[in-house]
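Asks: Can you look at this prediction? I've put the sequence above it.
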Amino acid sequence: MTPRWHHFLDEHAKSQPAALALIDAGGARWDYAALDAAVEDMRALLGGLGVMRGDRVLLLLENCAAAVAVIFACSRMGATVIPVNARQTAAEVTRVIGHAEPMVAVMTSAASEDAAAHATRMGAETQTGAFGSLSVARIGPSQPDDDPDLALLLYTTGTTGTPKGVMLTHANLHYAGQAARDFRSLKPGHLVYGVAPMAHVIGLASMMTAVICAGATAWLEARFEVARLYEALKAGVTHLPGVPQMHALLMSHVQEQGHAALESPHLRYVSSGGAPLDPAWKRKAEAFYGLPLQNGYGMTETAAATHITFSKLGDPDVSVGPCLPQVEMRIDESVPGGEDGAGEVLVRGPNIMKGYYRNPEATADALIGDGWLRTGDLGRIDEADRLHILGRSKELIIHGGFNVYPPEVESALNDHPDVVQSAVVGQKVGFDEKPVAFVQSAPGAEVTESALKAFVKERLAGYKRPVKIVVAEALPAAPTGKILKHKLLEHFAEQL
């Protein structure tokens, strides 16, 4: 039988029904039998609304057990789930709906004020069951896809500013869950801190799917609060995947409590992703945890990780590690990488996406034949076959662990009537990147930074909004008129 995403849950609902599967953000506990019942209730609800095999279901969520129930209910029905962060604005959600044409939208309104606001706007009705309480709205007629492999659409804006739906299959997710289980040595009884949003591939595949694959437990959090993380660590968390900012805030919080290092006897695995590791900071983090800090690399199109480290405590290596089993990599040196042996990273394996939904042109550009995916990232391989990421050939900004795509932010700014053009770049602040915008105002206009921030607030999720907007009469440009982005930070240094 071809493996399906929900088979992980089926296995443990039968083999260990009383084992703890989820601890919800509100403190509710769900064993595998209860989660299985919640999935069945959700399947009945969606079926009653007319959802059929091949239909698409939009899920506006923040992390909670109800969202997990929706995800696995769709898998059991053969429907395709489209998880979207509930913090997205109405305009952003509308773009996804217009492209994917889901039949219904489900909002985790009991766990998220933002989801509840979307539910009100869309005229959704509250539904209750073994899954708890959430809101459901019918969007359009049944328009099933004839693609039994398709399990998931994750929308990523990309460098064009146009949303692209990454098509991930049941086989992709099966591989991703098993790989993340294995490289973390996850087992029943382990407790994984799950604050990474399940609307993103890390939270969905590397965290939640891996936990269910292993028969372990996920401690779900809708939003990051350092005090709650500290309490969870004291309460028995064994695996802590995170981003550098999260680790830094935890270190500061613990020091404020009068401790130089973390005292958590249960913790056995710590990882950091979403940003490059600095050697000095890595040493500091390892001294704090008393554990090696693992690193990795992957993207939405690869169903999360393609590379992972297996470092020992004190290892100075700051690469993203070797390929995972069954994954292959090569470097395309025809793409300039700035030094010998560098170029664009290409990968292939069982975790590579099927393509971009309803976008054959973008699919053909990314998948170049024989299963190879162009990542758009520059890297080199060292003598130990470990990958070192040198930079991004794309303009992606990673802010607080979230992807921020400059064309999308620029598009929102350019909608303002007093803006001629804009450019958005990432400014390094410690180990984070802050989105900074540079705006050319219309002649005679008196548009201000505060007015522009208020303007984009209704158009962009919080993590995408520029932390600084510089308004100028002109931006540095080439003779062709193309903005010279690499000169912006230096050119406007005194205004930053």
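Replies: Alright, I've got the coordinates.

Asks: Might you report the residue contacts of the nearest residue to residue 458 once chain neighbours are set aside?
Replies: The shortest distance from residue 458 to any residue other than its chain neighbours is 6.4 Å, reached at residue 89 (Cβ to Cβ, 6 or more residues apart in numbering). All C-beta atoms are positioned from the backbone trio N, CA, C, and that covers glycine. Contact analysis of residue 89 by Cβ atoms under 8 Å, 6 or more residues apart in numbering lists 458, 459, 460, 461.

Asks: Over to residue 378. Which of the three states is it?
Replies: Put simply, residue 378 is strand when judged by DSSP: H, G, I helix; E, B strand; the rest coil.

Asks: That one and residue 368, how far apart?
Replies: 17 Å (Cβ to Cβ, to the nearest Å).

Asks: Looking at the two now, which is surrounded by more residues?
Replies: Relative neighbour count places residue 378 above the other of residue 378 and residue 368, with 23 against 13, counting by other Cβ atoms under 10 Å.

Asks: Run through the bridge partners of that one.
Replies: For residue 378, the residues forming beta bridges with it (DSSP bridges) are residue 344, residue 391.

Asks: Quick check: pLDDT value at it.
Replies: pLDDT, residue 378: 81.

Asks: Pretty sure it sits against residue 343.
Replies: Yes - between residue 378 and residue 343 a contact is recorded at 6.7 Å, counting by Cβ atoms under 8 Å.

Asks: OK, contacts around the residue nearest to residue 491 when sequence neighbours are not counted?
Replies: For residue 491, ignoring the flanking residues on the chain, the nearest one in space by Cβ to Cβ, 6+ apart is residue 476 at 5.2 Å. Residues near residue 476 by Cβ under 8 Å, 6+ apart: 483, 484, 487, 488, 491.

Asks: helices or strands up against the helix or strand harbouring residue 230?
Replies: Using DSSP states H and E, residue 230 maps to helix 226-234. If contacts are counted by 3 or more Cβ pairs under 8 Å, 6 or more residues apart in numbering; DSSP states H and E, helix 226-234 sits against strand 191-194, helix 244-256.

Asks: re the thing from before, which among the contacts of residue 476 gets closest to residue 466?
Replies: Proximity to residue 466 was ranked across the contacts of residue 476 by Cβ to Cβ; first place goes to residue 488, at 12.2 Å.

Asks: residues contacting that closest one?
Replies: 423, 425, 436, 438, 475, 476.

Asks: what about whichever strand or helix holds it, distance to the chain center?
Replies: Using DSSP H and E, the element containing residue 488 is helix 488-491. Helix 488-491 sits 30 Å away from the centroid of its parent chain (Cα atoms, centre = their mean, to the nearest Å).

Asks: picking that back up, quick one: the residue nearest to residue 491 from residue 145, how far?
Replies: 46 Å.

Asks: for residue 429, same thing?
Replies: Distance from residue 429 to residue 145, counting by Cβ to Cβ: 43 Å.

Asks: Am I right that residue 240 is in contact with residue 195?
Replies: No - with contacts defined as Cβ under 8 Å, residue 240 does not count as touching residue 195, sitting 9.5 Å away.

Asks: re the thing from before, tabulate the helices and strands packed on helix 226-234 (a markdown table), appending mean pLDDT and mean neighbour count.
Replies: Formatted as a markdown table, the entries for the helices and strands packed on helix 226-234 read as follows, by pLDDT from 0 to 100; neighbours: other Cβ atoms under 10 Å:
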| stretch | mean pLDDT | mean neighbour count |
| --- | --- | --- |
| strand 191-194 | 97 | 24 |
| helix 244-256 | 86 | 18 |
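
Asks: if we compare these, which one ends up closest to residue 409?
Replies: Smallest distance to residue 409 across these (Cβ to Cβ): 19.7 Å, for helix 244-256.

Asks: Show me what secondary structure element comes after that closest one.
Replies: Next along the chain after helix 244-256, taking DSSP H and E as the criterion, comes strand 269-272.

Asks: Neighbouring strands - and their directions - for that next one?
Replies: When pairs are called by DSSP bridges, strand 269-272 turns out to pair with strand 239-242 (parallel), strand 293-294 (parallel).

Asks: Residue 183: which of those is closest?
Replies: strand 293-294 (8.1 Å).

Asks: how far does the closest one sit from the chain's center?
Replies: The chain centre lies 19 Å from the centre of strand 293-294; the measure is Cα atoms, centre = their mean.

Asks: Then stretch 109-126?
Replies: Taking Cα atoms, centre = their mean, one finds the center of stretch 109-126 at 22 Å from the center of the full chain.

Asks: Would you mind checking the average pLDDT for that stretch?
Replies: Taken as a whole, stretch 109-126 has an average pLDDT of 97.

Asks: what's it in contact with?
Replies: Contacts to stretch 109-126, defined as Cβ under 8 Å, 6+ apart, come from residues 24-26, 60-64, 66-67, 86-87, 90, 93, 105, 107-108, 132-137, 222.

Asks: switch to 6 Å and redo it
Replies: Outside of stretch 109-126, the residues that reach it under the criterion Cβ atoms under 6 Å, 6 or more residues apart in numbering are 60, 62, 64, 86-87, 107-108, 133-137, 222.

Asks: Let me know the helix or strand that the nearest residue to residue 132 once chain neighbours are set aside is in.
Replies: Leaving aside its chain neighbours, residue 132 sits nearest to residue 66 (4.7 Å; criterion: Cβ to Cβ, 6+ apart). If you go by DSSP H and E, residue 66 is part of helix 65-77.

Asks: Show me this protein divided up by domain.
Replies: The record's domain split for the chain, according to automatic domain parsing, is 7-183, 397-495.

Asks: would JSON lines of the contacts of stretch 109-126 with secondary structure be doable?
Replies: As requested, the contacts of stretch 109-126 are exported to JSON lines (three-state DSSP):
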{"residue": "60", "secondary structure": "strand"}
{"residue": "62", "secondary structure": "coil"}
{"residue": "64", "secondary structure": "coil"}
{"residue": "86", "secondary structure": "coil"}
{"residue": "87", "secondary structure": "coil"}
{"residue": "107", "secondary structure": "strand"}
{"residue": "108", "secondary structure": "coil"}
{"residue": "133", "secondary structure": "strand"}
{"residue": "134", "secondary structure": "strand"}
{"residue": "135", "secondary structure": "strand"}
{"residue": "136", "secondary structure": "strand"}
{"residue": "137", "secondary structure": "strand"}
{"residue": "222", "secondary structure": "coil"}
